[in-house]
Structure formats: C-alpha cells, structure tokens
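> Sharing a model that was predicted from the sequence below.
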Amino acid sequence: MTPVGIGIIGCGNISAAYLKAARNFPVLDIRALADRRLEAAEARGAEFGIPAVSVEALLADPTIEIVLNLTIPAAHVEVGLQILAAGKHAYSEKPLGIDFADATRLTDEAKRRGLRLGSAPDTFLGGAHQAARAFLDQGHLGQPIGGSAFFLCPGHERWHPDPAFYYKTGGGPMLDMGPYYITDLVNLLGPVARVAGLSPEPRRQRTITSQPRNGELIDVEVPTHVAGALQFQNGAVVTMAMSFDVAGHKHLPLEVYGTDGSLIVPDPNHFGGDLSFLPKGGEWRALPVEEPYADGNYRSLGLADMAAALRQERPHRAHGDLALHVLEVMEAFGRSNETGRFVEIDTRPERPAPLAADPALSGL
C-alpha cells in the first residue's frame, strides 16, 4: 500500500503519543510538523526527526494528503476548516469541537468539498473493545437492556502541571473524558436516541495542588460533575457519570447488560484490558482477547485506518459523523439539565464497521 503523506498541526503533549504510535503503521508517512509556536514544532521535530515548518507551509505542501489536528479543543473547528480549505483531509484530536452547531460547519464543509473528516478517540478500535463488539454482535448477551459508564476522580489539579484549561469553556469531565465512553458505547450498541442529564452547581474556584503552580486558584467555568442516562436507538438505557469531584469510588468504567448476561468492558481510554462475562445463572469468566491492537498505546490507529481507507476507497471508522454525534450527545447533558427535559438526538451516524474482521486492514 502506498503510504499517505501526513502533516501535524499542534505539537503539545499529545503529539508525542501520536508520533510514537505512528511508527506501527507504515501507511503513515509523517512529512512535517507545525505549531503556532514554531519552537514547539522544532523541539518535537528534533525529537522524532521530522521537519518543522510554518502552518502555512504545511498546508501548502502538495505531498501532504491528511492533516492531523492536535490543537487545543477550542481551536479544532477553526483549524479544521483551514485544513479543508487547503484541500486536505482532516483528522482531529477529540472532541471534534466544543460546540455542536460550530462543529456541524466542519462536517458540512468536508462533505461539500468531498474530503474526509476523522476524529479521535480511536480507542474503540483497540483489541479489547473490538472483542467486546464481536461478543455482542454474536448475540451472547441476548437483547441489550442497559449498562453503566463511569469516570469519577477528584480533579486534574492534583497532578497536571498546568490544569486551568480543564476548568475553562471547552473543558470539564464530559468533554474531556466523555468522548471515550460514548464513542465506545456507540461502537457497542449503536447511536443514541435521547439523553437525560443533571449537574450540580460547580465550585467556582479550585486550588492547584500540583507543581509548579501549587496553591494558585483556578476559576471554574464548566460543570465538574455530570450524571444522567443515555437511551440508545435499540432501546438500551445506560447510566453515565463524569466527574472531577469524587474522592473515590468502586464503579467499573464500563458495563453492558443484556437479557442473557452481563459484560464488563475495560477502560475505554485504553486499547486493551480485561473482558469478563457473566451468563444468566452462571459465574463470571474472563473472555479471550485475540483481536489486534490490545497490547499497547496505538493512538494513531484511527488515523492509520483513515489513511488506508483513502487508498482502498472505503469508509474509515473514526469518522466525522460519529464524532459529531458524540458531541451532540455530550452537549445534550447540559441542555437537559437546564430544561429539566429529555433531549432528543438528531444525528444518526453509521455504526463503525468491525476492525478485526476486515481483511482490507491487512496492510496495517
């Protein structure tokens, strides 16, 4: 398979994970790095042996076909539109945007121009989550009834060296961690039909306890504890809570329940992990994970699938319509909290095709 020329805009912390993982995928030919701070691109370029250029030069490079957008969430739509305007396919770090209406401009523009749009998270393509998908598709759980999804922690000011952005518009536990959980649930159960959400009034300030800003106060602009329920198009109802306000808990990250049994799915922020199944009337047992991409951090897998799909002229899996649906669902929690009503979800993305069973991916 002929490699696809890749450019990256945004050279912050997450770029290192993408660049390391990209080494696993020969279809990705990373040709240039750019950042609004050229020194950041130069430092990352020196680390990985990739040229650093200006954003303008990267977008003008005819050998680059896909641009990976690793800017901050508030810039995802603006930079994404610049990528599309340059005639490049675009793949974004999550979330697709911080506002559903704004992100719709991105999906509409990609379709108007006949260009591909992709977005993280791609962890649902990991071996453990694909094994869970296959198990459900084979009918072992019977009719899906419901599930639970929990990410609960005391907040990122405990460990992050510069945590303020987690509490600004575009941050918060739902936009930060929700994409992993909701995307995996859509992979497992299909699209969401409606949402009910509640959120208590957040603390208006928080104290940083990490270094080097220990003792500084953070102003909080977003909900920091969000809970509610998702009803899927197939009727299943999943309880969900995302929080930066919980000292500790004993919930598992993800569980799915059916008429014939229950399935424990590993943390959707990772590609691998342990799967467990309890058949009705039976005992818990571990399930084997034989699918690929379960033994490490493959945080370029969705991009590689998109690049391979471009060459093979097929749909890619971590697609823009899926990311837009997830953003609409996340935004619906806040709308439901404000109105006291269910919020109907309008988008209905195609459920991504299974990864492990696709022989077209042998080139990866």
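Yep, that arrived.
> centroid residue for this structure?
The centroid of the chain falls nearest to P121 when counting by C-alpha atoms, centre = their mean (2.3 Å).
> pLDDT score for M174?
On the pLDDT scale, M174 is placed at 97.
> ok so it is a helix residue?
Yes: looking at M174 with DSSP: H, G, I helix; E, B strand; the rest coil, it is inside a helix.
> All further residue positions should be reported with the first residue as 32.
Right, with 32 as the first residue, what we last looked at is M205.
> Quick check: it vs S230, distance?
For M205, the distance to S230 (C-beta to C-beta, to the nearest Å) stands at 9 Å. The C-beta positions use only the backbone N, C-alpha and C, and glycine is treated the same way.
> Equivalent analysis for Q169, please.
For Q169, the distance to S230 - C-beta to C-beta - is 37 Å.
> Compare those two and say which is more crowded by neighbours.
When Q169 and S230 are compared for neighbours, S230 comes out ahead with 21 against 8, by other C-beta atoms under 10 Å.
> where in this protein is pLDDT low?
387-395 (pLDDT under 70).
> next SSE after the host helix or strand of D215?
With secondary structure defined by DSSP states H and E, D215 is part of helix 203-220. Note on helix 203-220: by DSSP H and E, the next helix or strand toward the C-terminus is strand 223-229.
> Identify the residues contacting that following strand?
Contact partners of strand 223-229, identified using C-beta atoms under 8 Å, 6 or more residues apart in numbering, comprise 213, 216-217, 257-264, 356, 360, 363-368, 373-376.
> now do 7 Å
For strand 223-229, the external contacting residues (C-beta atoms under 7 Å, 6 or more residues apart in numbering) are 217, 257-264, 360, 363-365, 367-368, 373-376.
> in that strand, what counts as buried?
Under the neighbour-count criterion of 16 or more other C-beta atoms under 10 Å, strand 223-229 has V223, A224, R225, V226, A227, G228 buried.
> Turn those residues into JSON lines, columns for distance to I97.
What follows is these, written out as JSON lines (distance: C-beta to C-beta, whole Å):
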{"residue": "V223", "distance to I97": "28"}
{"residue": "A224", "distance to I97": "32"}
{"residue": "R225", "distance to I97": "34"}
{"residue": "V226", "distance to I97": "32"}
{"residue": "A227", "distance to I97": "38"}
{"residue": "G228", "distance to I97": "35"}
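> Report the two of the residues you listed separated the most.
Greatest spatial distance in the buried residues of strand 223-229: A224 and G228, 14.3 Å, computed using C-beta to C-beta.
> and L306, backbone torsions?
phi -110, psi 140 (degrees, to the nearest 10).
> And it, how close does it get to Y211?
Distance, L306 to Y211, using C-beta to C-beta: 17 Å.
> Can you show me the CA trace of the strand or helix carrying G178 as PDB?
Assigning secondary structure by DSSP H and E places G178 in strand 175-183. Provided in PDB are the C-alpha atoms of strand 175-183 (Å, rounded to 0.1, in the frame of the first residue of the first chain):
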ATOM      1  CA  PRO A 175     -29.200  -5.300  25.100                       C
ATOM      2  CA  ILE A 176     -31.000  -3.800  28.100                       C
ATOM      3  CA  GLY A 177     -28.600  -1.300  29.600                       C
ATOM      4  CA  GLY A 178     -25.300  -0.600  31.100                       C
ATOM      5  CA  SER A 179     -23.200   1.900  33.100                       C
ATOM      6  CA  ALA A 180     -20.300   4.200  32.300                       C
ATOM      7  CA  PHE A 181     -18.300   6.000  35.000                       C
ATOM      8  CA  PHE A 182     -15.300   8.300  35.100                       C
ATOM      9  CA  LEU A 183     -15.000   9.700  38.600                       C
END
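> That strand: partners in the sheet, and parallel or antiparallel?
Sheet pairing of strand 175-183 (DSSP bridges) gives strand 268-274 (parallel), strand 285-289 (antiparallel).
> Could you check how far it is from the centre of its chain?
17 Å (C-alpha atoms, centre = their mean, to the nearest Å).
> Give me the contacts around that strand.
204, 208, 212, 216, 220, 265, 267-274, 277, 280, 282, 284-290.
> thinking again about what came up before, for D250, see how far away the residue nearest to the centre of the chain is.
28 Å.
> Kind regards, and thank you for your time.
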